[in-house]
Structures are given as C-alpha cells and as structure tokens.
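> Build me a model from this:
(chains A and B)
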Amino acid sequence: MNTSNTPNKSRWKRLFRAELLSPVGFLAVAGLIMLAYGAVEAAGWREHTTFISGTTASADMRWQASAARGLAYMLVYFAFVLLAPILALAASFWAAGRRWMTN
Amino acid sequence: MKTEILTSMKARLRLWLRALVVLLLAAALWLPSVHLFFKQAPARFHSATGVPPKARALAERHLRLWSDPELRKREIERMRGSNAEWDFMGRTFLAWSLAEMSLREPAQKENYLRILDVIIDETIRLEREKGIYFFLMPYAQAQPYVEKPARSLFLDGEIAMMMGLRRAVEEKAEYRQLMTERIGHMLDRMQRSKALAAESYPNECWLFDHAVALAAIRFGDYLDGTDHSVFLREWIAKAKQNLLHPETGLLVSSYTTDGQPLDGPEGSTIWFVSHCLRVVDEEFARDQYQRARKELGRELFGFAWSREWPKSWKGPLDIDSGVVIPGLEVSPGGSGLAFIGAGSFGDMEFLTKLHSTLDFAAFPKRDQGRLKYCASNQVGDAAMLYACVLGPLWEKVKSAKP
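Predicted coordinates:
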C-alpha cells in the first residue's frame, strides 16, 4: 500500500522543494494560483468586486469588509488569468530549452 | 574560496537571466492573446433591429428585479447605501432601455411598456411623497438652491425623458401634461440664467443633466409639435462660448448658475452627453465624441477603456468616477458610459474592445439566462443594457423635422 504511494509522494516533495527559478518551480506557483482562485471563487467573493462601483455586495456588510474581499478576489483572478498562464508557458519554454541544450 | 563564491554568484545570475528571458518570452506571447478569450462577435451586443443576446440577458435580470418586490428592495437598499442618485438613475436607464426594446421587439411591447409605466409612476410618486431630496445626495441640503423653489434639473430632465421615450413608443395621455410641465420648469430655470444653466444641486449645474434636459425638450417638440429650436441653438452656442475646456475642446462637467466651470471634462459625463446631443446638434455631438475618444479612450492588447480625466486636467475621485485604477487610469464610471457613446456613434472597433474588457475585468455572473456584472451595480448594468439597445428612438426623432 505504502509502496504504491511512494512515487506520488516523492513527486509532491519534489514540487514543494523545487527551486522557485526552475520549470517545476514556475508550475508550482501557477498551481498555487489556480488553487487560490478556486478558493475565492467557491467563497463567492466575486460578488464583492462591486466595491469598484462604490457599492457593497450586501447592505448588511461594512463597505471596508466587502472591499477587502473584492480586492483579494481581483488580485487572485488577475493572477489566475494573466500570471499563471505566463508561468506555465515560461516553464514549458525553459524545459524545452534545457532538452534542446542537452541533446 | 573567493573563486567559489564568484562561480556561485555567476551561476545564480545566469539562472535569474534565464528565468527572466523565458518569463518575458511567455508574457510577450500571452498578453496580446488574452483578449481573444473574451472577444465577442458584435452581433452579441449590438444590432440595428431586434434585441441582441447580451441585452436580453441583462434585461432579464432587471425585469426580475421589477417583478420581485423583495429582491428589488434589497438591491435598492444596497444602492441607496452608497448613493441615492443611483436608485433614481437605475430606474431611468432601465426605463429608457425598455422604451427602445419596445420598438425593437414589438411582440413584447405591451410587457415592456407595462413595466416602464410602473417605473415612471413609482418614481413620480416617491418624488411627490418624499420630496426631491429623496433621490439626491445628502449635500443637496447643505445650502439653499439659488433659484426658488428648489428644483433639480437632474430629476426633471430624466423624468421628462422617461415620459418622452415612453410616449414616442406609444402615446399615453396622462404623461403628456406631466411632461409638458417638467419641460416648462426646465426651460424657465435655464432661461432665467445668463448662461442658460439650471441647478441640479445648490449652485451646481451639471452638463450631464443639461444634455438630458435638451434631449427631453427635443422629444417634446417631436411629440407635441412645439418648437424650441431657437433655444436649443442658443444653448449650444453658449456652451461653445463658455463651457469648452481650452486644452481639449471638450465640454466641462459642472459649473455654477452664472456659467463658471467647477470641473473640467470627465469621462463619466462626456460620453453620455455626446449621445444626448445627437438629437440637438449632430455635428457638435460627433465632434465631442471624437474628442472624447482621443482624450479619454484608451486601448491595449485588444482591450479598451475610458480615463475619467484627460491628461491636461485631473479632478477629484468621486461617486461618478468610481475607483480609478492607477497606472492604466481605468475609470469604471467613464468606461461604463463609453459604451453608450460608442454604441450611439456606431464605433464598432472601440465598442468591441470595450465589451472584451467588460467580460475580462467586470466579472460577469450568469444565472438562468440572466446576466449581471459583479464589479458593477444595478445602475451600471442598466446603463450597459441601454448601450446595447439604444438607437431606434433617437433615429425616429432625428429623422423628424425640428
């Protein structure tokens, strides 16, 4: 049972111990951004981006509290849409470059 | 030892450079491509006839609000918590949209006009029962109006316009007298001022409200056979003389009753003003639109937005501008109203890019055929709906002889 998990475990360990400046490191950060995006989306924080228009998502919530959630959502969303794909593309370029150099 | 440190530093530097190069390469490939995931065919949001799909989805949400009192109460409370004006403007933009949609979709005319009449009747009732301050921001009561008794051109103009558009779809006798009275008040106030300016707030005259008032007067002429063409020409001449911002040639946003500018040009005003002025002076309206496009319209990587202020003038952040995003100077208020300008003047290239930005950065939420933009609010979405359906009524009035 344990032996079947070993390759997966070592892959995860490799991922977390990876140098940030490496193809695996870039993919790890992109993955974390994806997870964060999934979390803020599931929490329903998209609604709070209404703070941009000067409104709160709910009349029961203070504007500052709503704006903080909205701002957090926006940061994670733009990281998901802009930064994560760049990191993934960069990782693939880097890996391809390494392979080309070693051949 | 030194050599080892130097070698290690060199290796580290090479690693950073490699990372930077692949990141720059990836960014150069990705950033210009992002818009392709948000770009829509113009038929989704703009059409000469019928109701475009995006407008229908936006309208569904508003029609639900107006048929579910509990939902409407919640939404209005949320808006009034920030700005009572938005409660009012959410009504007017929706009413104007429903009038346009009645011409675009005759089979639904009865349904649309029924809701439109409910909006007009409830708005007039609230104004009558609670007074003009109900729909104004609190500072309206901080000092007395110059002209007595207190009236707001903001309310008179938009209510007259609601009635005018409704009547242009199908005459409703009880609105005729009410609209004529409102137009009478507006003309009286404007003509009492040398600058032809009437207050929306105490000693504050807003270009936005004047443009709506002038369009309402023009609709009144079309509907009732009156002729205010001399007054309309005189207003335009005075505006060219007193209200143009010297650096940009754009009309300023607000001024005192004697025509002294209080603000410079603003995106949250000028795009909409250029649309309204089309029924008054098409050439001048187009000139203002083109100047706004040059001074305020911005594009990058297939996206477009509006600045709130031109480079040559910077005003204070306020409830109209919304939270301006630094760096790119994206104004939510200005960008929202840029849709109306671009839609009105058929500037499809700009409009398509604005819609890409909207779906990219305004966080759409779809639910059972209904669409709303989370970064917006009810008034913003109603303005967006209006931008998608405006046209037929303007053409009807423009094609009639003044």
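> Please, which helix or strand holds the residue of the stretch 151-300 of chain B found nearest chain A?
Closest approach between the stretch 151-300 of chain B and chain A, counting by Cβ to the nearest Cβ: residue B:268, at 11.4 Å. Where C-beta positions appear, they are placed from N, C-alpha and C, glycine not excepted. Residue B:268 is located in helix B:267-276, with elements delineated by DSSP states H and E.
> How about residue B:205?
strand B:205-206.
> neighbouring strands for that strand, and are they parallel or not?
Strand B:205-206 has the following strand partners under DSSP bridges: strand B:254-255 (antiparallel).
> Give me the neighbour count for residue 97.
In the absence of a named chain, chain A is used. Burial of residue A:97 is recorded as 15 neighbouring residues (other Cβ atoms under 10 Å in any protein chain shown).
> Wait, chain B was what I had in mind.
27.
> what does residue B:273 give?
30.
> I'd guessed it sits against residue B:213; true?
No. The pair residue B:273 / residue B:213 is not scored as a contact, 11.3 Å apart, by Cβ atoms under 8 Å.
> Give me the local confidence score for the residue nearest the centre of chain A.
When Cα atoms, centre = their mean is applied to chain A, the residue found nearest the centroid is residue A:33 (0.4 Å). Per-residue pLDDT puts residue A:33 at 98.
> That one is in contact with residue A:79, isn't it?
Yes. Applying Cβ under 8 Å, one finds residue A:33 in contact with residue A:79, separated by 4.8 Å.
> Helix, strand, or coil at residue B:309?
coil (DSSP: H, G, I helix; E, B strand; the rest coil).
> Show the contacting residues for it.
Going by Cβ atoms under 8 Å, 6 or more residues apart in numbering or on different chains, residue B:309 touches B:264-267, B:296, B:315.
> again with residue B:117
B:166, B:172.
> From chain A, how far out is it?
To chain A, residue B:117 is 27 Å away according to Cβ to the nearest Cβ, to the nearest Å.
> Show me the shaky parts of the chain.
Picked chain A for this. Residues of chain A meeting the criterion pLDDT under 70: A:1-18.
> try chain B instead
Scanning chain B for pLDDT under 70 picks out the ranges B:1, B:319, B:321-322, B:401-402.
> Doesn't residue B:47 lie inside a helix?
No. Counting by three-state DSSP, residue B:47 is located in no helix; its state is coil.
> measure it to residue B:391 for me?
As for residue B:47, its distance to residue B:391 is 9 Å (criterion: Cβ to Cβ, to the nearest Å).
> now do residue B:41
18 Å.
> Kindly report the same for residue A:79.
Distance, residue A:79 to residue B:391, by Cβ to Cβ: 39 Å.
> for residue B:195, same thing?
When residue B:195 is compared with residue B:391 (using Cβ to Cβ), they lie 32 Å apart.
> before we move on, what about residue B:129?
35 Å.
> who's more crowded, these two?
residue B:391 (18 against 8).
> picking that back up, go through the contacts of residue B:309 and name the one nearest residue A:72.
For these, the closest approach to residue A:72 (Cβ to Cβ) belongs to residue B:267, at 27.2 Å.
> contacting residues for the residue lying closest to that closest one once chain neighbours are set aside?
Excluding the flanking residues, the one nearest residue B:267 by Cβ to Cβ, 6 or more residues apart in numbering or on different chains is residue B:334, at 2.3 Å. Going by Cβ under 8 Å, 6+ apart, residue B:334 touches B:266-268, B:271, B:296, B:305-308, B:321.
> count of residues packed around residue B:313?
Counted with other Cβ under 10 Å, residues neighbouring residue B:313 total 17.
> Contact partners for it?
B:245, B:247-248, B:264-265.
> out of those residues, which are inside helices?
Applying DSSP state H to these, no entry is found in helices.
> Ranking by neighbours, what's the top pick from the residues you listed?
Of the contacts of residue B:313, with other Cβ under 10 Å as the count, residue B:265 tops at 30 neighbours.
> right, and it touches residue B:310 too?
Yes. Checked against Cβ under 8 Å, the pair residue B:265 and residue B:310 is within contact range at 6.0 Å.
> Common neighbours of the two, please.
By Cβ under 8 Å, 6+ apart, residue B:265 and residue B:310 have these common neighbours: B:245, B:248, B:250, B:295-296.
> ok, which stretches of the stretch 301-402 of chain B are helices?
Along the stretch 301-402 of chain B, counting by DSSP state H, counting those that start in this stretch, helices occupy B:332-344, B:348-361, B:378-389, B:392-399.
> no, scratch that, I was asking about chain A
With DSSP H as the criterion, chain A has helices spanning A:2-17, A:23-42, A:63-78, A:84-102.
> Residues contacting the third one, please?
Residues outside helix A:63-78 that contact it (Cβ under 8 Å, 6+ apart) are A:33, A:36-37, A:40, A:43, A:45-46, A:48-52, A:56-58, B:82, B:363.
> hang on, the earlier thing: spatially, which residue comes closest to the residue of the stretch 151-300 of chain B closest to chain A, not counting chain neighbours?
Per Cβ to Cβ, 6+ apart, closest to residue B:268 is residue B:333, 3.6 Å.
> Kindly provide the distance from the one you found to residue B:324.
Per Cβ to Cβ, residue B:333 is found 9 Å from residue B:324.
> Same check on residue B:208?
For residue B:208, the distance to residue B:324 - Cβ to Cβ - is 18 Å.
> the more surrounded of these two?
Neighbour count, other Cβ under 10 Å: between residue B:208 and residue B:324, residue B:208 has more, with 24 against 20.
> secondary structure class for the more buried one?
helix.
> Likewise for the one 3 residues further on?
Counting by three-state DSSP, the backbone at residue B:211 sits in helix.
> check contacts around it.
Listed by Cβ under 8 Å, 6+ apart, the contact set of residue B:211 reads B:272-273, B:276-277.
> what's next to stretch B:183-191, contact-wise?
Outside stretch B:183-191, the residues that reach it (Cβ under 8 Å, 6+ apart) are B:147, B:151, B:153, B:156-157, B:160, B:196-199, B:210, B:213, B:216-217, B:220, B:228, B:231, B:235.
> Now, the residues you listed that are in helices?
Using DSSP H, the contacts of stretch B:183-191 in helices are B:153, B:156-157, B:160, B:210, B:213, B:216-217, B:220, B:231, B:235.
> Report the buried members of these.
In the ones in helices among the contacts of stretch B:183-191, burial by neighbour count holds for B:153, B:156-157, B:160, B:210, B:213, B:216-217, B:220, B:235, counting by 16 or more other Cβ atoms under 10 Å in any protein chain shown.
> what are the phi and psi angles of residue B:131?
Dihedral pair for residue B:131: phi 90, psi 170, per degrees, to the nearest 10.
> dump the residue contacts of it.
Counted by Cβ under 8 Å, 6+ apart, residue B:131 has zero contacts.
> export stretch B:4-17 as CSV, just CAs?
The C-alpha trace of stretch B:4-17 is given here as CSV (Å, rounded to 0.1, in the frame of the first residue of the first chain):
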residue,chain,number,x,y,z
GLU,B,4,33.9,29.5,-5.4
ILE,B,5,31.7,32.4,-4.3
LEU,B,6,32.3,34.1,-7.7
THR,B,7,31.4,31.0,-9.6
SER,B,8,28.3,30.5,-7.4
MET,B,9,27.2,34.1,-8.0
LYS,B,10,27.7,33.8,-11.7
ALA,B,11,25.6,30.6,-11.8
ARG,B,12,22.9,32.4,-9.8
LEU,B,13,23.0,35.3,-12.2
ARG,B,14,22.7,33.0,-15.2
LEU,B,15,19.7,31.4,-13.6
TRP,B,16,18.0,34.7,-13.0
LEU,B,17,18.7,35.8,-16.5
